[in-house]
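Participant: Take this sequence and fold it.
(one chain, ligands or ions: 1)
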Amino acid sequence: MLLSLKGVFPPAILALADGTVFLGHSIGAAGSTAGEVVFNTAMTGYQEILTDPSYCQQIVTLTYPHIGNYGVNGEDIEADKVHAAGLIIKDLPLLASNFRMTGTLADYLARQNTVAIAGIDTRKLTRHLRTHGAQNGCIVALAQGAQPTHGVIDGAIAAAKATPSMAGLDLARAVSVRQTYEWTQTEWRLANLGGGANGKPGYGVQITPRLHVVAYDFGVKKNILRMLASRGARVTVVPAQTSAADVRKLQPDGIFLSNGPGDPEPCDYAIAATRELIDAGIPTFGICLGHQILALASGASTFKMKFGHHGANHPVKDLDTGRVSITSQNHGFAVDEKTLPANLRPTHVSLFDGTLQGLARTDRPAFCFQGHPEASPGPHDIGYLFDRFIALVEKK
Ligand SMILES: NC(=O)CC[C@H](N)C(=O)O
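Facilitator: Below you'll find the model as predicted:
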């Protein structure tokens with residue numbers, strides 16, 4: 001049974017920088033928030049999406065109409081807090097149910113101080129963003145019974161306009177961990193239910209680490225660390241600005257470059273360190289922002305896309321095998337194919353728009369992927385890239 005949000009939740013507005021305004025209901029924290037409004041087409045995984053550090057300073061619109069159905073829990077998270085700047089949804093079912101649920105989405109958003117709006121025509125909003133490109137927006141939660149005045153609406157449009165563009169923003173170091181730490185597999189069991197057949201690593205059993213991976217945290221998602229650990233890696237996570245020399249002191253067998261928010265280009269510290277580590281011949285694997293940083297470190301350029309890729313059903317072609325994988329995606333920048341140096345080979349391409357999805361160095365054991373092989377949420381088709389990385393490290 002779906003109850004009306006009216007009378008239960010106070011009113012709220014969403015204003016885009018171009019002056020488009022939507023009315024809805026505040027279902028999260030009081031106050032207001034501004035950021036780049038992007039849409040994600042995944043049908044599930046709202047808690048993983050909210051906690052993905054790559055969404056820092058972005059307000060996420062979920063195109064799937066019912067969000068909150070299965071409540072929230074303490075395990076389906078990619079980081080210890082919500083990183084998205086805000087949430088926009090169509091319908092919040094007032095009854096949530098799941099055997100793992102510990103609370104409701106609305107309570108979680110309020111506790112996490114996340115401003116969120118429901119009752120929005122997310123199809124209309126998504127078509128607007130798709131036609132005109134991602135743009136900044138502002139959500140203002142009003143008091144119960146209050147009306148959105150012209151002053152409030154004008155103020156929200158002005159706040160959206162005043163928010164800096166994502167292009168040129170270095171956010172990786174803002175969300176990165178402050179101290180180096182060893183990944184311990186505390187969430188291991190629930191994250192890896194099932195599997196274990198045909199001599200493959202069993203889920204729910206502790207794997208004795210065979211190799212040491214140093215993972216740069218530019219905003220790393222926990223599921224990536226789980227996937228590395230489940231394949232026999234001892235994982236040391238280091239802050240984004242760790243120098244190549246300090247990483248080498250840790251004697252890594254392999255380097256992992258994580259996903260992360262913002263524009264990859266201003267991350268000069270990461271680009272320089274990556275260049276040095278790759279030149280030293282240490283096997284390296286990058287995902288999403290890590291993919292972009294690996295490309296920049298090799299001499300290619302990146303650009304800001306019109307509205308990016310955010311979803312869990314994007315077809316990507318492996319150029320070596322011809323195999324098409326359905327993948328999870330979340331990026332607003334991409335590597336420019338026209339700028340690839342001779343030693344950087346395209347390995348994967350998006351079948352949505354033809355943009356680059358994967359690269360490999362021809363002269364060093366290094367490769368990267370733009371989408372999310374850890375797929376949280378999403379399909380596991382492209383999970384073989386983790387196996388490829390481990391094989392590359394073991395060959396060394
Ligand atoms: N998920 C990510 O790592 C995103 C990378 C980068 N911030 C982009 O938007 O393209």
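
Participant: centroid residue for the chain?
Facilitator: Central residue of the chain (Cα atoms, centre = their mean): residue 54, 4.1 Å from the mean position.

Participant: So it lies in a helix, does it not?
Facilitator: Yes. Secondary structure assignment places residue 54 in a helix (DSSP: H, G, I helix; E, B strand; the rest coil).

Participant: Would you indicate which residues of stretch 255-275 are buried?
Facilitator: For stretch 255-275, a neighbour-count test (16 or more other Cβ atoms under 10 Å) marks 255-267, 270-271, 273-275 as buried. The C-beta positions use only the backbone N, C-alpha and C, and glycine is treated the same way.

Participant: The closest residue to residue 82 other than its chain neighbours: neighbour count?
Facilitator: Setting aside the residues directly before and after it, residue 82 is nearest to residue 112 in space (Cβ to Cβ, 6 or more residues apart in numbering), at 4.1 Å. Counted with other Cβ atoms under 10 Å, the neighbours of residue 112 add up to 17.

Participant: and residue 392, what are its phi and psi?
Facilitator: Backbone dihedrals for residue 392, given as degrees, to the nearest 10, come out at phi -60, psi -40.

Participant: got the contact list for the nearest residue in space to it that is not next to it in sequence?
Facilitator: Leaving aside its sequence neighbours, residue 392 sits nearest to residue 283 (Cβ to Cβ, 6+ apart; 4.5 Å). Counting by Cβ atoms under 8 Å, 6 or more residues apart in numbering, residue 283 makes contact with 253-255, 365-366, 389, 392-393, 395-396.

Participant: now do the same end-to-end measure for stretch 317-333.
Facilitator: Counting by Cα to Cα, to the nearest Å, you get 19 Å between the two ends of stretch 317-333.

Participant: Next, count neighbours for residue 151.
Facilitator: Neighbours around residue 151, by other Cβ under 10 Å: 8.

Participant: What parts of the stretch 1-150 of the chain come near the ligand?
Facilitator: residue 54 (Cβ under 6 Å from any ligand atom).

Participant: Now do the helices in the stretch 1-150 of the chain.
Facilitator: Assigned by DSSP state H, counting those that start in this stretch, the stretch 1-150 of the chain shows helices spanning 46-51, 105-111, 122-132, 150-162.

Participant: Render the CA-only coordinates of the first one in PDB, please.
Facilitator: Pointing back at helix 46-51 there. Output of helix 46-51 as PDB, limited to C-alpha atoms (Å, rounded to 0.1, in the frame of the first residue of the first chain):
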ATOM      1  CA  TYR A  46      20.300   3.200  -3.500                       C
ATOM      2  CA  GLN A  47      22.300   2.800  -0.300                       C
ATOM      3  CA  GLU A  48      25.500   1.900  -2.200                       C
ATOM      4  CA  ILE A  49      24.900   4.800  -4.600                       C
ATOM      5  CA  LEU A  50      24.400   7.300  -1.800                       C
ATOM      6  CA  THR A  51      27.600   6.100   0.000                       C
END
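
Participant: Residue 79 contacts residue 225, doesn't it?
Facilitator: No. Checked against Cβ atoms under 8 Å, the pair residue 79 and residue 225 is beyond contact range at 10.9 Å.

Participant: Show me which of these two is the more surrounded one.
Facilitator: For residue 79 versus residue 225, neighbours defined as other Cβ under 10 Å are more numerous around residue 225 (25 against 20).

Participant: Wait, that one touches residue 235, no?
Facilitator: Yes. Between residue 225 and residue 235 there is a contact under Cβ under 8 Å: 5.5 Å.

Participant: Mutual contacts of these two, please.
Facilitator: Shared contacts of residue 225 and residue 235, defined by Cβ under 8 Å, 6+ apart, are found at 183, 215.

Participant: So, low pLDDT: which residues of the chain?
Facilitator: Residues of the chain meeting the criterion pLDDT under 70: 1-7, 185-207.

Participant: Let me see the contact set for the residue located most distally from the centre of it.
Facilitator: The C-alpha centroid of the chain is most remote from residue 145, which lies 35.9 Å away (Cα atoms, centre = their mean). By Cβ under 8 Å, 6+ apart, the contact list for residue 145 reads residue 10.

Participant: and it, how far is that from residue 10?
Facilitator: From residue 145 across to residue 10, the span is 7 Å (Cβ to Cβ, to the nearest Å).
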